[in-house]
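Engineer: dropping the sequence and predicted coords here.
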Amino acid sequence: MKALIVDDDVVSRIALMDLLSVYGIFDLVEAEDGAAAWDLLAAGLHPVIVFCDVRMPRMSGIALLERMKGDPHLAQVPFVLVSSASDRDTVLQAVTLGAVGYILKPLHAAEARAHLEKIFRITLDKLAEDPATTMRRLNIGPDRLAAYLAAFAEQLLAGRADIVALLDAGEGADARLRIDSVHTGCMTLGLWHVASQLDSARRGLPDARTVAMVLGEVSESVRRQLGRLRAGMPDEGVLA
């Protein structure tokens, strides 16, 4: 899962990246200001979350947030402000515009982690269906859902290179059939966010690099969903 870090202060940017890297769930992408971030987004970057400074040259954090909210492909990406205490009025403005939270600078690890974990609970876990809901919908138990997810992970591991090879060889129709199969698996297992990304990636003539990136996101989503399932299972569960 890609997280976009936007800050013109390189020290603050590195500090936040170090803090986020501890969680081991993100592929971190940097941008030195709002304009550079928008260039990345316009070129096809679709992060699962954005962490953005408020005051920056060329394009402020508020301006970037407004642009993203105005783009139907980016409007739902969670946006977190990273700001100094003096920016509280601006933070309130950003929350009104749709920001999901804020982290104060300078960063204090314990306080920042508490904010991050709260933000993750209300954002990242909504990228996929709650495992308990998936089990009720499919009328299965946790051991069976674990088997579904494990099988899907194996399918992705075995098939990702084949799909990319088909696209590189110009075999778009065959590649699309395989992408459709992955999309069906995502929908069946409640992996809504990556299913939406696959939907966008398979339109028109699929691009090998974009599809490879999205399939990587699917694999990470499956891994995260397995973690959520394990966390909700009793100690004697089959995954223990």
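Structural biologist: That came through fine. Residues are numbered from 1 along each chain as shown.

Engineer: contacts for the helix or strand of the chain with the lowest mean pLDDT?
Structural biologist: The helix or strand of the chain with the poorest confidence is helix 192-201; it has a mean of 75 (mean pLDDT, DSSP states H and E). Residues outside helix 192-201 that contact it (Cβ atoms under 8 Å, 6 or more residues apart in numbering) are 46, 48, 73, 127-129, 179, 182-183, 186-187, 207, 210-211, 214, 217-218, 221. All C-beta spots, glycine's among them, are computed from the backbone N, C-alpha and C.

Engineer: where in this structure is pLDDT low?
Structural biologist: Judged by pLDDT under 70, the chain has its weakly predicted residues at 24-25, 85-87, 124-126, 200, 202-206, 233-240.

Engineer: surely Lys2 touches Leu45?
Structural biologist: Yes. Counting by Cβ atoms under 8 Å, Leu45 is a contact partner of Lys2 at 6.7 Å.

Engineer: who touches both of those two?
Structural biologist: Jointly contacting Lys2 and Leu45 under the rule Cβ under 8 Å, 6+ apart are Val29.

Engineer: ok, and the closest non-adjacent residue to Val100?
Structural biologist: Closest residue to Val100 apart from its sequence neighbours, by Cβ to Cβ, 6 or more residues apart in numbering: Pro78 at 4.6 Å.

Engineer: count the neighbours of Leu138 for me.
Structural biologist: By other Cβ atoms under 10 Å, the residues close to Leu138 number 14.

Engineer: how about stretch 183-203: buried residues?
Structural biologist: Residues of stretch 183-203 classed as buried: 183, 185-187, 189-191, 193-198, 201-202 (neighbour count, 16 or more other Cβ atoms under 10 Å).

Engineer: to clarify, my last question referred to stretch 50-69.
Structural biologist: For stretch 50-69, the neighbour count (16+ other Cβ under 10 Å) marks 50-56, 59-62, 64-65, 67-69 as buried.

Engineer: and the furthest pair within the residues you listed?
Structural biologist: Arg55 and Lys69 (19.2 Å; Cβ to Cβ).

Engineer: quick one: the strands in this protein, in order.
Structural biologist: Assigned by DSSP state E, the chain shows strands spanning 2-6, 27-31, 49-53, 79-84, 101-105.

Engineer: which stretch among those strands comes nearest Arg136?
Structural biologist: Nearest to Arg136 among these is strand 49-53; the distance by Cβ to Cβ comes to 27.6 Å.

Engineer: please state the offset of stretch 210-226 from the chain centre?
Structural biologist: Stretch 210-226 sits 9 Å away from the centroid of its parent chain (Cα atoms, centre = their mean, to the nearest Å).

Engineer: pull the distance from the longest helix belonging to the chain to the chain's centre.
Structural biologist: In the chain, with assignment by DSSP state H, the single longest helix is helix 142-168. Its chain's average C-alpha position is 19 Å from that of helix 142-168, according to Cα atoms, centre = their mean.

Engineer: buried residues, it. List them.
Structural biologist: Under the neighbour-count criterion of 16+ other Cβ under 10 Å, helix 142-168 has 142, 145-146, 148-149, 152-153, 155-156, 160, 163-164, 166-167 buried.

Engineer: repeat that for stretch 23-43.
Structural biologist: Per 16+ other Cβ under 10 Å, stretch 23-43 contains these buried residues: 25-26, 28-38, 40-41.

Engineer: what about the residues you listed, which are in helices?
Structural biologist: Using DSSP H to define helices, the subset of the buried residues of stretch 23-43 located there is Gly34, Ala35, Ala36, Ala37, Trp38, Leu40, Leu41.

Engineer: would TSV of the residues you listed with distance to Gly232 be doable?
Structural biologist: Shown next, in TSV, are those (distance: Cβ to Cβ, whole Å):
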residue	distance to Gly232
Gly34	39
Ala35	43
Ala36	40
Ala37	35
Trp38	39
Leu40	35
Leu41	34
